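Novice: Quick one, fold the following:
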Amino acid sequence: MRKHLLLGAVGSALMFCSLAATAQDRPFYLHGTLGQGTINDSRFVDDDNDTALGIRFGWRFLPWLAVEAGYGQLGDFQTNCGGEVCPAVVFPEFEYESIELGLNARVPFGESKVFGIARAGLHEFDVGFGGSETEPYYGVGVGYAFNDRFSVSLDWDRYETSVSRFDVDRLGLGLEVAF
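Specialist: Numbering: from 1, shown residues only. Prediction:
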């Protein structure tokens with residue numbers, strides 16, 4: 001009996017989500033971000049800042065909540081151990097790339113066209129050697145909707161890695177197109 005109730009509840013929730021999505025005029029969006037990636041611990045890299053970009057595809061199944069998938073190029077960083085911790089050898093360049101899947105909450109501030117953003121999920125990152133790992137990412141932002149189709153935002157995202165000193169922050173300007 002409990003299985004039938006659970007199945008009915010899940011089915012009803014899915015139907016509600018699909019009805020909410022079809023009620024919106026433009027439930028899908030493409031969000032591009034261009035900004036700067038900064039590695040968390042600059043003691044082991046020559047330059048801790050680099051150009052970072054990202055693109056996300058999302059489905060806003062509720063007016064305030066979306067699921068999104070994306071790709072991010074978070075920067076290229078040349079390691080430099082400096083002889084303090086390890087011997088003086090040439091280390092490879094980290095090329096941070098991330099594939100992400102998560103949720104995006106978007107809440108308007110009153111009746112204005114300004115809105116707040118919160119996002120979180122998992123990303124699989126690859127630094128160009130040693131394989132890839134899956135870790136959490138999260139971020140916040142503030143934006144302005146020109147109309148129901150176009151909006152801009154200022155976004156901050158943190159991409160965690162298995163070694164916390166190599167976490168990457170991305171601060172960028174985003175452009176979103178809904179369709």
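
Novice: Please count neighbours and contacts with C-alpha atoms only from this point.
Specialist: Fine.

Novice: and Tyr144, what does it touch?
Specialist: Contact analysis of Tyr144 by Cα atoms under 8 Å, 6 or more residues apart in numbering lists 113-115, 151-153.

Novice: and these, which are buried?
Specialist: Those of the contacts of Tyr144 that meet the buried threshold are 114-115, 151-153, by 16 or more other Cα atoms under 10 Å.

Novice: what would those look like in a markdown table with distance to Val107 and pLDDT?
Specialist: Formatted as a markdown table, those follow (distance: Cα to Cα, whole Å; pLDDT from 0 to 100):
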| residue | distance to Val107 | pLDDT |
| --- | --- | --- |
| Val114 | 9 | 98 |
| Phe115 | 5 | 98 |
| Ser151 | 13 | 98 |
| Val152 | 14 | 98 |
| Ser153 | 13 | 98 |
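
Novice: buried stuff in the longest strand that the chain contains?
Specialist: Secondary structure assigned by DSSP state E gives strand 93-108 as the longest strand of the chain. Applying a neighbour-count criterion of 16+ other Cα under 10 Å, one finds 94-106, 108 buried in strand 93-108.

Novice: how far away is His123 from Leu101?
Specialist: 6 Å (Cα to Cα, to the nearest Å).

Novice: Kindly report the same for Asn40.
Specialist: Counting by Cα to Cα - Asn40 and Leu101 are separated by 22 Å.

Novice: same deal with Trp156?
Specialist: Distance from Trp156 to Leu101, by Cα to Cα: 16 Å.

Novice: do Phe109 as well
Specialist: For Phe109, the distance to Leu101 - Cα to Cα - is 26 Å.

Novice: So Leu101 sits against Glu68, correct?
Specialist: Yes. In this structure, Leu101 is within contact of Glu68 by Cα atoms under 8 Å, at 5.8 Å.

Novice: Worst mean pLDDT across the helices and strands of the chain, which element?
Specialist: helix 2-23 (a mean of 48; mean pLDDT, DSSP states H and E).

Novice: export the helix or strand where Gly143 lies as CSV, just CAs?
Specialist: Here Gly143, judged by DSSP states H and E, is contained in strand 132-145. Taking C-alpha atoms only, strand 132-145 is exported to CSV below (Å, rounded to 0.1, in the frame of the first residue of the first chain):
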residue,chain,number,x,y,z
SER,A,132,39.0,13.8,-13.0
GLU,A,133,37.0,14.0,-9.8
THR,A,134,33.4,15.0,-8.9
GLU,A,135,33.0,17.7,-6.2
PRO,A,136,30.4,20.3,-5.2
TYR,A,137,30.1,23.8,-6.6
TYR,A,138,27.9,26.7,-5.4
GLY,A,139,27.3,30.3,-6.3
VAL,A,140,25.3,33.5,-5.9
GLY,A,141,24.5,36.4,-8.1
VAL,A,142,22.4,39.4,-8.7
GLY,A,143,20.8,40.3,-12.0
TYR,A,144,18.5,42.5,-14.0
ALA,A,145,15.8,41.3,-16.4
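
Novice: Great, nothing more from me.
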